[in-house]
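[1] sequence plus the predicted model coming up.
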Amino acid sequence: MKSSVKVQLSVMMFLEFFIWGAWFVTLGTYLGTNLGADGLDSAKVFSTQSYGAIIAPFIIGLIADRFFNAERILGVLHIAGAILMYMMYKAPDVSAFYPYTFGYMIVYMPTLALVNSVSFRQMSNPEKQFSNIRVFGTIGWILAGLLISWLKWDNVQNNAADGTLKNTFLMAAVAAGVLGLFSFTLPKTPPKKAEGNASVSQILGLDALKLLKDPNFLLFFIASIAICIPLAFYYQNANPFLTGIGLENATGKMALGQVSEALFILLLPVFFKRFGFKNTILVGMLAWVIRYTLFAYGNAGELAFMLLTGIVLHGVCYDFFFVSGQIYTDAKAGEKYKSSAQGLITLATYGVGMLIGFWVAGFISEQYKTAAGTPDWKMVWLIPAGIAAVVMILFALLFRDKSKAAELPQ
């Protein structure tokens, strides 16, 4: 791969995830503080991510993979996203904000697959080359969080005084516009004719439903949906919680989660080889229980280390469950159902599981409040900790597959 192409792909990945990190991390705080949204309002807005994840395969499989160059549709979607993001910046209330967010997620979620497609098509050895490109996406997300905290847009006092947190949407809109225009300069990535023959069921991963006949894979599939319920609590409530209790530079500190994600993924092969898939995924589930328990009992004062530990555990929570789950799915699917199986798991987790999770998180936030009308954060975090614990125990008792690294794809 030419060095100039490598630079282009790295910039593309950086901007792709800078955009997402620039507004999504602080979305819950913005909805409650700036737009006066309650828990169910927030659930409605956050659920647009799940709708986007459900609709994305249609856009990719039925349109992008068949008729248009990937880099061109990437550019069009990001330019449309820039316009919608600017409308989110201007929206005066939740009712006006929601439809723009819904539209934005419909155009943004497909770009996550498109940037991968553009990257893979330029690589002679994706297994070795892709990680060096994808890491710039993690850097983009981290830098967005650090920038928000450095500018003090997430500072409770500053935001209450002049609503500075809304600037995150303007920043994301500018970045989306830049990436939209930049996408047209990327290497040409025409659709592959072979991919155009895929059926709708293949695109949505429905062909892989046959894998559910395996009791172990069925249990993993159900556990994947269930564990996304506590995951949704983190996305929806973590930033409002940390800023609300007065943790300094909360958004910047949340970026430690992405740092740990990049580091812990390096330990994944070691755990696979030594402990097998089941124990690795159980460690990931246990990390969710520990993280939310730390959030429930930590504070912004002398127990702030508990909050920071919970943030850093993100790498274990995500990598040891989701990444190892993707590898396990790939192994079980075989050549015939590889793509369909990954599509099915994505649809189940980011689509169905997260959709349920966002609404459960919104309901819990409304049910448990203090006398002052603020969320009872202890209960808001102990409930998903309990859900994760139940999923972990059932998985430990019922899952029988003892696959190890030697039996999984290298």
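    Happy to help now that I have it.
[2] the nearest residue to L231 once chain neighbours are set aside: which element?
    Closest residue to L231 apart from its sequence neighbours, by CB to CB, 6 or more residues apart in numbering: G357 at 6.1 Å. Every C-beta, even on glycine, is put in place using the N, C-alpha and C of the backbone. Under the criterion of DSSP states H and E, G357 resides in helix 354-367.
[3] what does that helix rub up against?
    With contacts defined as CB atoms under 8 Å, 6 or more residues apart in numbering, helix 354-367 is touched by 38-44, 46-47, 49-51, 53-54, 225, 228-233, 235-237, 375, 379-380, 383-384.
[4] list the buried residues of stretch 7-16.
    Within stretch 7-16, the residues that count as buried by 16 or more other CB atoms under 10 Å are 8-16.
[5] got any ranges where the stretch 251-400 of the chain has weak pLDDT?
    334-340, 342 (pLDDT under 70).
[6] same thing but 80
    Applying pLDDT under 80 to the stretch 251-400 of the chain picks out residues 265-273, 323, 326-327, 329-344, 346.
[7] all helices for it, in order.
    For the stretch 251-400 of the chain, applying DSSP state H, counting those that start in this stretch gives helices covering 256-264, 268-297, 304-312, 314-318, 324-346, 354-367, 377-398.
[8] mind listing what's buried along stretch 218-226?
    Within stretch 218-226, judged by 16+ other CB under 10 Å, the buried ones are 219-226.
[9] nearest to K213, of the residues you listed?
    F221 (11.2 Å; CB to CB).
[10] now do the host helix or strand of that closest one and helix 256-264, the angle between them.
    Element membership of F221, judged by DSSP H and E, is helix 215-244. Orientation of helix 215-244 against helix 256-264 (axes from the mean of the first three to the mean of the last three CA atoms, to 10 degrees) gives an angle of 140 degrees.
[11] ok now helix 215-244, how far from the chain's centre?
    Relative to the chain's own centre, helix 215-244 is displaced by 11 Å; criterion: CA atoms, centre = their mean, to the nearest Å.
[12] again with stretch 132-139
    15 Å.
[13] would a markdown table of the buried residues of stretch 218-226 with pLDDT be doable?
    What follows is the buried residues of stretch 218-226, written out as a markdown table (pLDDT from 0 to 100):
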| residue | pLDDT |
| --- | --- |
| L219 | 92 |
| F220 | 90 |
| F221 | 90 |
| I222 | 93 |
| A223 | 92 |
| S224 | 91 |
| I225 | 92 |
| A226 | 93 |
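[14] which other helices and strands does the helix holding F221 contact?
    Counting contacts by 3 or more CB pairs under 8 Å, 6 or more residues apart in numbering; DSSP states H and E, helix 215-244 is packed against helix 27-33, helix 39-46, helix 250-254, helix 268-297, helix 324-346, helix 354-367, helix 377-398.
[15] nearest to I148, of these?
    I148 sits nearest to helix 250-254 of all those, at 4.5 Å, using CB to CB.
[16] which residues does the closest one contact?
    Residues from elsewhere that reach helix 250-254 (CB under 8 Å, 6+ apart): 25-26, 145-146, 148-150, 153-154, 238-239, 242-243, 247, 308, 311.
[17] of the helices of the stretch 251-400 of the chain, which approaches T189 most closely?
    The nearest among those, by CB to CB, is helix 324-346 at 17.5 Å.
[18] ok, for L242, nearest residue in space, not its chain neighbours?
    Nearest to L242 is A250, by CB to CB, 6+ apart, at 3.8 Å.
[19] pLDDT score assigned to that neighbour?
    We have a pLDDT of 88 for A250.
[20] what do you get for M109?
    pLDDT at M109 comes out at 88.
[21] who are the packing partners of the helix or strand where Q8 lies?
    Using DSSP H and E, Q8 maps to helix 3-23. When contacts are defined as 3+ CB pairs under 8 Å, 6+ apart, helix 3-23 sits against helix 70-90, helix 94-121, helix 126-150, helix 167-183.
[22] ok, the residue lying closest to V259 once chain neighbours are set aside to G386 distance?
    Leaving out its chain neighbours, the residue that sits closest to V259 by CB to CB, 6+ apart is I142, at 6.4 Å. Distance from I142 to G386, counting by CB to CB, to the nearest Å: 31 Å.
[23] so which of those two has more stuff around it?
    For the pair I142 and G386, the greater number of neighbours falls to I142 (22 against 14), based on other CB atoms under 10 Å.
[24] so what's the residue count around the closest residue in space to A175 that isn't next to it in sequence?
    Leaving aside its sequence neighbours, A175 sits nearest to I19 (CB to CB, 6+ apart; 4.8 Å). When neighbours are defined as other CB under 10 Å, I19 has 28 of them.
[25] center of this protein - which residue?
    Central residue of the chain (CA atoms, centre = their mean): Y350, 7.7 Å from the mean position.
[26] show me the contacts for it.
    49-50, 53, 228.
[27] pretty sure the residue nearest to V259 contacts Q258?
    Yes: here I142 reaches Q258: they are 5.0 Å apart, a contact under CB atoms under 8 Å.
[28] shared neighbours of these two, which are they?
    Common neighbours of I142 and Q258 (CB under 8 Å, 6+ apart) are G21.
[29] for Y108, state which of the contacts of Y350 is nearest.
    Q49 (8.9 Å).
[30] end-to-end on stretch 296-311?
    End-to-end distance of stretch 296-311: 13 Å, with CA to CA, to the nearest Å as the criterion.
[31] next: stretch 153-169.
    First-to-last residue span, stretch 153-169, CA to CA: 11 Å.
[32] how many other residues sit next to the closest residue in space to P384 that isn't next to it in sequence?
    Nearest residue to P384, sequence neighbours excluded (CB to CB, 6+ apart): P230, at 3.5 Å. Neighbour count of P230, defined by other CB under 10 Å: 27.
[33] sorry, back to before: output the helix holding Q8 as PDB, restricted to C-alpha atoms.
    The C-alpha trace of helix 3-23 is given here as PDB (Å, rounded to 0.1, in the frame of the first residue of the first chain):
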ATOM      1  CA  SER A   3       2.200   5.700   1.900                       C
ATOM      2  CA  SER A   4      -0.100   8.400   0.400                       C
ATOM      3  CA  VAL A   5      -3.000   6.000   0.500                       C
ATOM      4  CA  LYS A   6      -2.100   5.000   4.000                       C
ATOM      5  CA  VAL A   7      -2.300   8.700   5.000                       C
ATOM      6  CA  GLN A   8      -5.600   9.100   3.300                       C
ATOM      7  CA  LEU A   9      -7.100   6.100   5.000                       C
ATOM      8  CA  SER A  10      -5.700   7.200   8.400                       C
ATOM      9  CA  VAL A  11      -7.300  10.600   8.100                       C
ATOM     10  CA  MET A  12     -10.600   9.000   7.000                       C
ATOM     11  CA  MET A  13     -10.600   6.800  10.100                       C
ATOM     12  CA  PHE A  14      -9.600   9.700  12.400                       C
ATOM     13  CA  LEU A  15     -12.400  11.900  11.200                       C
ATOM     14  CA  GLU A  16     -15.000   9.100  11.200                       C
ATOM     15  CA  PHE A  17     -14.600   8.400  14.900                       C
ATOM     16  CA  PHE A  18     -13.800  12.000  15.900                       C
ATOM     17  CA  ILE A  19     -17.300  12.900  14.600                       C
ATOM     18  CA  TRP A  20     -19.000  10.200  16.700                       C
ATOM     19  CA  GLY A  21     -17.000  11.000  19.800                       C
ATOM     20  CA  ALA A  22     -17.500  14.700  19.400                       C
ATOM     21  CA  TRP A  23     -21.200  14.600  20.300                       C
END
